[in-house]
Structures are given as C-alpha cells and as structure tokens.
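what follows is a predicted structure for the sequence shown.
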Amino acid sequence: MKSKSIDRLAVALYGMDGRTHKTMTLFIQGPCKGIARIVDEPEANVDIIDADAMDARVTLDHCLARKPLRPIIILSLEKLKIEHTIFVEKPAKTETMIAALKEANDWLKREKKKTTKLKKREEPSYTEVKVEQVKASKLKPSTEKQTPFELSTEKKIFNNPIEQKKTAKHKAAMMINEQNFSSFIGIVRGVDFNDSEQWHNARYNPKHYYQGYVQSSIQVAYEKKQIIKLNSGWKPLIILPHSHELWLNADDQQLRAFAGVEVNSMPASSGTSVMTLSKVNHQKEDFSSELDKFQEMNAFIWKLACWTSKGRYPQALNLTEPVYLKQWPNFTRLFITPHAMRIAALLIAGPRSVLDIIRDLKVKPQFVFIFISAAYAIGILGQSKRQADIIISAKVPSIKSVKKKSLFSRILNKLRG
C-alpha cells in the first residue's frame, strides 16, 4: 500500500522535448510504480531537469531561486555535484529514480515539519494577543481602530512601486498580424518567398549579427556567474545572469534597426566591428535606478532574433529534417508573430520538418522561419537525436509481444532452455 506522503509528489519536467516528456511520464507511472505524477510547473512540488539540455543552466538557476525552494532532481550523463539538488545519472535506472523521488519526499517532509514549528513559534497565544490589545488601548486613543497586525499587513500589500514598474515591463506582450508583418519586421531582399526553390537561400547566420554577440555574452555571464557588459560603438548591454535580465539604454525601434545590420559590414570607424566584454563596476556604473531599461532575458532574445531573422531561418537548421519544441513558449511575455500559436501547437504534438509545417498549415514560409528562429534562439526548439533514446535506461520491463510465435521460434526457445 502506498503512503499518502509519497502519493502527493507532483513533478514538473524541464528541458525535455515532447517525446522525452512522454517517455519520462510513462517511466515514472510504470517502472517507478507511480510514486509521482507529472504536472505543470505551478502545481509541482518537485522539479526534474535534464542538465544536458541547451537551456539547463537558466532553468536550474530559475528553480534554485524559487522561494520556498523545492526538491530538484537533475539528470545528466556526467556526474554533477550541485548544492540543493539530487543527482541521477543518465540513462536513469528504475531503482535510482525511485531512490531520488523518495529522497525528495523526505526533504519535503522535513521542510514541512520546520515550517509547522516556525508557525507555532510565531503565532501568539490567545492570552498574549489579549495582553497586547490591552497595552495598545492604553497607549493609543480610544478612537484608534487599527491594530498592529493590520498595520503589518498593509506594509506587505503596498510594495515598492518602482519595483512593480520593473515587473510590469517584463509582462509586456503584443501580437503582429500578417498585414503589419513586413513593416514591423523588415523585408528580406533577394529572396522570392513565393518560389519554394528559393527557400533554401532564406537563411542567415546569427553570429554575423548583434544577436550572435549577445547570445555568446549571455553564455559567458552564466558560466562566470558575473554581471557582464557587452561593449560596442552602439549601446552598452549589461547582462544580469542572477535575475535573468538585460539592461539596454535603447528603445525597440533603435534595437530593430541595429539588429538587421551585419556587424562585419559596418565601417571600422563606427566601432561596432569589434565588440568586447568587461566586468561591471557598480561604483562607476549605477544603472539600477533606470528601471525602465531592464528587460526579461528570453523576451529580449526572442524579439532580437525576430528582427535579425526578418523572416529567414538560422543557418544551423535543416529545412528537411524534423524540428521539435521542448516546451510551450511563454507568449504572455513575447510578441506573437503570425500563426505562432498554430506552429507551436503543431510542434508540441510531434516533430515536423520546416517544410512539413509550411505545407500542413498552409502559411507563408517567412512566418514559419521567423518563429523557429526566435524559438531556437531562446533554446526551446531543437533539431537533433531524440533525448528519449538516452534519458531512460534500456533495462525497463518491456511489454511482451502477444503475437503467435512461429514453430521455428518455439523450437529455438526450447533448445535455449
């Protein structure tokens, strides 16, 4: 009989494509005896992260920053020792995963006991409350109706208004329709999208644009765990890996214009042909007060990729090979290009080649190209060998075939026996 504490484990999966997500779900429900269930992130009390995924570092930092912290199980081909995490080596074996989930369950029970004890200490008894109320009535006029408890509640409600403005900046989202697409994104010259023979020419290399430099700088910032500034002759970009934010003193119109120009084609006199990285000196550079310049990292990279792409696709992707989505894009923070939700829904259902997406949805190729460019830039779209082949151990009880064996097969089995 299963214990109630084990049954309440609710797991969220990160860094896994559609097929791997289904495989892990079946693995936990079957060989792992159903001691946990797979749910969406807000409903979970345990996180499982594929540490070998492209965006694993960002995901792990996000989970570690969560308050209250919940158990984190990391899966990887190499042995990792990360504080506040439970490691499981890939391919995951049944007994190892069960042990990890039980360890997570024990961790949750310990935290629950601590929270219960803390609440008991903090909650005053009925006598203590009455004494405090008597003291308050002697110190304050009788017309005063507010108690100290009400005042403390008010302080929690009225948060820092400046910080609220910064948060609101992160939630901005907009939708682009087909009519406004070209004027908002830009026009790709030299490619006739009505001619399928020319689609293979509609590709670009992000490394030749500002997008490539920004993505490389972000990677360095996360590896070094430091605030880093990308210097150029244009505008300084400050990368804050701990809060997953960027700071840029430029509006979207300026960024859109700069994003579409190849860095190597700029004159040396402009200073943008060479970009450098430097550590941020907090004493000399006080940017924290200009909160309207902060932007959420993925939202920034998404729109930067759209403006760099202009309806083209990344050179690293092949139009004829399947692509897949690791997770649903957070459209509440991203601007939505034409048919983006339809493309995402199709890819969540299963891998498709880019050409198949165009054919199945009957949409213009540039709408598909720009979506896969943006999704690929923030690490939620991939084109590689399926993770499911390596994430779960092959030593999983398989379903025996019910097909009738041939006479020759039965004779062989008897001889082997």
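Happy to help now that I have it.

mean pLDDT per helix and strand in the protein: which one sits at the bottom?
None of the helices or strands of the chain scores lower by mean pLDDT, DSSP states H and E than helix 148-157, at a mean of 29.

can you show me the helices along the stretch 51-200 of the chain?
56-64, 94-122, 126-139, 148-157, 161-170, 178-185 (DSSP state H, counting those that start in this stretch).

what's the least confident stretch among these?
Among those, helix 148-157 carries the lowest mean pLDDT, a mean of 29.

doesn't residue 332 lie inside a helix?
No: assessed with DSSP: H, G, I helix; E, B strand; the rest coil, residue 332 is coil; it does not lie in a helix.

could you tell me the phi and psi values at it?
Torsion angles at residue 332 (phi, psi; degrees, to the nearest 10) stand at phi -70, psi -20.

counting neighbours, what do you get for it?
Neighbours of residue 332 under the rule other CB atoms under 10 Å: 11. No exception for glycine: its C-beta is placed from N, CA and C like everyone else's.

state the distance from it to residue 102.
36 Å (CB to CB, to the nearest Å).

just residue 295 next, same as before
In this view, residue 295 and residue 102 are 41 Å apart by CB to CB.

residue contacts, the residue positioned nearest the centre of the chain?
By CA atoms, centre = their mean, the chain has its centre lying nearest to residue 59, at 5.6 Å. Contacts for residue 59 (CB atoms under 8 Å, 6 or more residues apart in numbering) come out as 14, 15, 49, 53.

same thing with residue 321?
Counting by CB under 8 Å, 6+ apart, residue 321 has contacts 353, 383.

ok, the one 4 residues further on next?
Going by CB under 8 Å, 6+ apart, residue 325 touches 17, 18, 344, 347, 348, 375, 380, 381.

quick one: neighbours of the closest residue to the last one other than its chain neighbours, just the number.
Think residue 381. Leaving out its chain neighbours, the residue that sits closest to residue 381 by CB to CB, 6 or more residues apart in numbering is residue 375, at 3.7 Å. Neighbour count of residue 375, defined by other CB under 10 Å: 24.

list the backbone torsions phi and psi for residue 322.
phi -60, psi 140.

same check on the one 4 residues further on?
Main-chain torsions, residue 326, degrees, to the nearest 10: phi -80, psi -30.

okay, and which of the contacts of residue 59 map to strands?
Using DSSP state E, the members of the contacts of residue 59 that fall within strands are 14, 49.

quick one: which of the contacts of residue 59 has the most company?
In terms of neighbours by other CB under 10 Å, the contacts of residue 59 top out with residue 15 at 26 neighbours.

so that residue touches residue 60, yeah?
No: taking contacts as CB atoms under 8 Å, residue 15 lies outside contact range of residue 60: 9.2 Å.

who has more neighbours, residue 295 and residue 102?
A direct count of neighbours by other CB under 10 Å for residue 295 and residue 102 places residue 295 higher, at 22 against 16.

please identify the helix or strand for that one.
Residue 295 belongs to strand 294-296 when assigned by DSSP states H and E.

elements contacting the next helix or strand after that strand?
Note on strand 294-296: by DSSP H and E, the next helix or strand toward the C-terminus is helix 297-309. Applying 3 or more CB pairs under 8 Å, 6 or more residues apart in numbering; DSSP states H and E, one finds that helix 297-309 contacts helix 178-185, helix 210-224, strand 245-248, helix 252-259, helix 365-377.

tell me the strands beside the shortest one, with direction?
Spelled out, that is strand 245-248. Sheet pairing of strand 245-248 (DSSP bridges) gives strand 237-240 (antiparallel), strand 294-296 (antiparallel).

need the pLDDT of residue 365.
Residue 365 carries a pLDDT value of 91.

that one contacts residue 358, doesn't it?
Yes: between residue 365 and residue 358 there is a contact at 5.2 Å, judged by CB under 8 Å.

tell me, how many residues neighbour residue 327?
Neighbours of residue 327 (other CB under 10 Å): 21.

correct me, but it touches residue 380?
Yes: counting by CB under 8 Å, residue 327 does reach residue 380; the two are 5.4 Å apart.

distance of residue 303 from residue 377?
For residue 303, the distance to residue 377 - CB to CB - is 10 Å.

and these two? which has more neighbours close in?
Per other CB under 10 Å, whichever of residue 303 and residue 377 has more neighbours is residue 377, with 24 against 21.

report the contact partners of the closest residue to the more buried one other than its chain neighbours.
Nearest in space to residue 377, with sequence neighbours left out and distances taken as CB to CB, 6+ apart, is residue 305 at 3.7 Å. The neighbourhood of residue 305, defined by CB under 8 Å, 6+ apart, consists of 206, 211, 373, 374, 376, 377, 378.
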